[in-house]
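*Asks:* Build me a structure from this.
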Amino acid sequence: MSKKIIQKSYSRQDGTVFYRKSIRINGEKTEKVFSRKSDSERWYLEKKREKELVEGGLGRVSSVITIKNYAKEWLDERKANGKPVSSWSMDETRLRLYIIPQFGDRELNKISTREWEAFLGSLVADELIGPATRNRIRSLANKMYNDALRKGEAAHNPVRVIPKLKESMEAWDYWTSGDEILNYLAEAKKEAPSFYLFACLSLNLGIRIGEVLALDHSDVNISQRRVHIAKTFEEVTGIVFNRVKGNKERWLGLNDSITEVLIEYRNQTSFRRSNEPLICDDNGARYFARSIRKTHEKVCKRAQVKDIRIHDLRHTYASHYVMNGGTLAELQALMGHSSPMMTMKYAHLAPGYLEKRAGVVSFSLPKSNVISLRKID
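*Replies:* Numbering: from 1, shown residues only. Predicted coordinates:
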């Protein structure tokens, strides 16, 4: 089996340069001419990947499957493998609304990086979506291509090299003052013991709404002052899944405030068995997120505080953690972030975050001992 890959550049009579590249895979030669070096290099990398797949015994990559057909196959497989319905539904929506109208009838292996980047850029430029949603669509396409590579359906991943856009915190909100938080908690306590506990857990631990609602009494150990975050309650199906976002299972400590609230709550409720939901209604049933959101909106209005989303309680926790001197590395672990880039969005909130680290590395020559001599007449 030949592994020789030929790459050449030529000059035409008019002085312009063109690039001819060819590759042999199992004795079959493929050759192409390009006017741009970048296009020739991109084609070369695609063919090199195809060659590696063939030489690895995976067979020649199919080049006829369309984005529309592969997306259906991909979504069906993810649903069968237990992808949470809410996440699956979001993937399906983004494919249906954005990717399939643009590339649905195109072959999976014949869409270039330049086309993908232009498409993603146009969505933002035309103000159809923001940078954050653009990044989610990019990640979706990247995952789809990676899975196609693994199964031998794709020769390359044209999305992988496209960088993510910087996401601002404008879409995020949080309560900046302690008074807002205290006013909110005061009204939450008047609302119901279960909602007050939910609010305290969210603001003291920064855990996601699905993680809070999935908690059972067995997940909370008051004597050891810790809580186990390992499950997510999915509203679409009403099922508690034994996994969390990013598979970041973690134990979190309980501070004095939340420990007192938990003890008081357990004394008030009759539903305290280990397998019973921690946050439950008067019948012992687990609350759904939509019910919690409605109550949250009502409590915000009564407390006369800025109306923020339920998820922004998590941002409030993270923001105050950094502002009070907590490190970003600690925050990443506490929040269950998969990437430090997500946590870095809070860096600007830390007072003197970089300035305080000026002395971490310090080099200088030691001062010389200077002896003053009295002048002798």
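*Asks:* what's around Arg302, how many residues?
*Replies:* Residues near Arg302, counting by other CB atoms under 10 Å, number 15. The C-beta positions use only the backbone N, C-alpha and C, and glycine is treated the same way.
*Asks:* Helices of the stretch 51-200 of the chain, start to end?
*Replies:* Along the stretch 51-200 of the chain, counting by DSSP state H, counting those that start in this stretch, helices occupy 67-80, 85-94, 100-103, 113-125, 131-151, 178-191, 193-205.
*Asks:* hang on, Ala329 is in a helix, isn't it?
*Replies:* Yes: secondary structure of Ala329 (DSSP: H, G, I helix; E, B strand; the rest coil): part of a helix.
*Asks:* do you know how far it is from Thr343?
*Replies:* Per CB to CB, to the nearest Å, Ala329 is found 8 Å from Thr343.
*Asks:* Comparing these two, which residue is more hemmed in?
*Replies:* Remark: of Ala329 and Thr343, Thr343 carries more neighbours, 21 against 10, as counted by other CB under 10 Å.
*Asks:* wait, the more buried one sits on Ala333?
*Replies:* No: counting by CB atoms under 8 Å, Thr343 stays clear of Ala333, with 9.2 Å between them.
*Asks:* Okay, now the unreliable bits of the stretch 101-250 of the chain?
*Replies:* Along the stretch 101-250 of the chain, segments meeting pLDDT under 70 span 168-171.
*Asks:* how about a cut-off of 80?
*Replies:* Along the stretch 101-250 of the chain, segments meeting pLDDT under 80 span 167-172, 246.
*Asks:* the domain parsing of this protein - what is it?
*Replies:* Listed by automatic domain parsing, the domain ranges of the chain are 5-55, 67-151, 178-349.
*Asks:* now those domains in CSV, with distance to Val361?
*Replies:* Below are those laid out as CSV (distance: least, CB to CB, whole Å):
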stretch, distance to Val361
domain 5-55, 40
domain 67-151, 34
domain 178-349, 17
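*Asks:* JSON lines for the helices of the stretch 51-200 of the chain, including mean neighbour count and distance to Asn157?
*Replies:* Output for those, formatted as JSON lines (neighbours: other CB atoms under 10 Å; distance: least, CB to CB, whole Å):
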{"stretch": "helix 67-80", "mean neighbour count": "16", "distance to Asn157": "13"}
{"stretch": "helix 85-94", "mean neighbour count": "15", "distance to Asn157": "17"}
{"stretch": "helix 100-103", "mean neighbour count": "16", "distance to Asn157": "14"}
{"stretch": "helix 113-125", "mean neighbour count": "16", "distance to Asn157": "9"}
{"stretch": "helix 131-151", "mean neighbour count": "18", "distance to Asn157": "4"}
{"stretch": "helix 178-191", "mean neighbour count": "16", "distance to Asn157": "44"}
{"stretch": "helix 193-205", "mean neighbour count": "22", "distance to Asn157": "37"}
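*Asks:* Looking at these, spot the one closest to Ser38.
*Replies:* helix 113-125 (8.7 Å; CB to CB).
*Asks:* Now do that closest one: everything it contacts.
*Replies:* The contact list for helix 113-125, computed with CB atoms under 8 Å, 6 or more residues apart in numbering, reads 42, 98, 102-103, 129-131, 133-134, 137-138, 141, 158-159, 161-162, 165.
*Asks:* Just the C-alphas of it, formatted as PDB.
*Replies:* Taking Å, rounded to 0.1, in the frame of the first residue of the first chain, the C-alpha atoms of helix 113-125 are listed here in PDB:
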ATOM      1  CA  THR A 113     -14.500  24.900   6.900                       C
ATOM      2  CA  ARG A 114     -14.900  28.300   5.100                       C
ATOM      3  CA  GLU A 115     -18.500  27.500   4.400                       C
ATOM      4  CA  TRP A 116     -19.200  26.500   8.000                       C
ATOM      5  CA  GLU A 117     -17.500  29.600   9.300                       C
ATOM      6  CA  ALA A 118     -19.300  31.900   6.900                       C
ATOM      7  CA  PHE A 119     -22.600  30.300   7.900                       C
ATOM      8  CA  LEU A 120     -22.000  30.700  11.600                       C
ATOM      9  CA  GLY A 121     -20.800  34.300  11.100                       C
ATOM     10  CA  SER A 122     -23.900  35.200   9.100                       C
ATOM     11  CA  LEU A 123     -26.200  34.100  11.900                       C
ATOM     12  CA  VAL A 124     -24.600  36.600  14.200                       C
ATOM     13  CA  ALA A 125     -24.200  39.300  11.600                       C
END
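*Asks:* got the buried residues for the strand ranked longest in the chain?
*Replies:* Longest strand of the chain, by residue count under DSSP state E: strand 17-25. Neighbour-count burial for strand 17-25, counted by 16 or more other CB atoms under 10 Å, picks out 19, 21-25.
*Asks:* Given that strand, what are its sheet partners and their directions?
*Replies:* Partners of strand 17-25 in the sheet, by DSSP bridges, are strand 5-11 (antiparallel), strand 28-34 (antiparallel).
*Asks:* Tell me the buried residues in the last one?
*Replies:* To tie it back to what came earlier, the one meant is strand 28-34. Buried-residue list, strand 28-34, by 16+ other CB under 10 Å: Phe34.
*Asks:* now what about that strand, what contacts it?
*Replies:* With CB under 8 Å, 6+ apart as the test, strand 28-34 has contacts from 18-24, 40, 43, 47.
*Asks:* Give me the distance from stretch 319-338 to the chain's centre.
*Replies:* In terms of CA atoms, centre = their mean, to the nearest Å, the centre of stretch 319-338 is found 16 Å from the chain centre.
*Asks:* from the buried residues of strand 17-25, which has minimum pLDDT?
*Replies:* The lowest pLDDT within those belongs to Ile25, with 69.
*Asks:* coming back round to it: would you turn the contacts of strand 28-34 into JSON lines with distance to Leu120?
*Replies:* Below are the contacts of strand 28-34 laid out as JSON lines (distance: CB to CB, whole Å):
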{"residue": "Phe18", "distance to Leu120": "29"}
{"residue": "Tyr19", "distance to Leu120": "27"}
{"residue": "Arg20", "distance to Leu120": "31"}
{"residue": "Lys21", "distance to Leu120": "27"}
{"residue": "Ser22", "distance to Leu120": "32"}
{"residue": "Ile23", "distance to Leu120": "29"}
{"residue": "Arg24", "distance to Leu120": "35"}
{"residue": "Ser40", "distance to Leu120": "24"}
{"residue": "Trp43", "distance to Leu120": "21"}
{"residue": "Lys47", "distance to Leu120": "25"}
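*Asks:* Kind regards, and thank you for your time.
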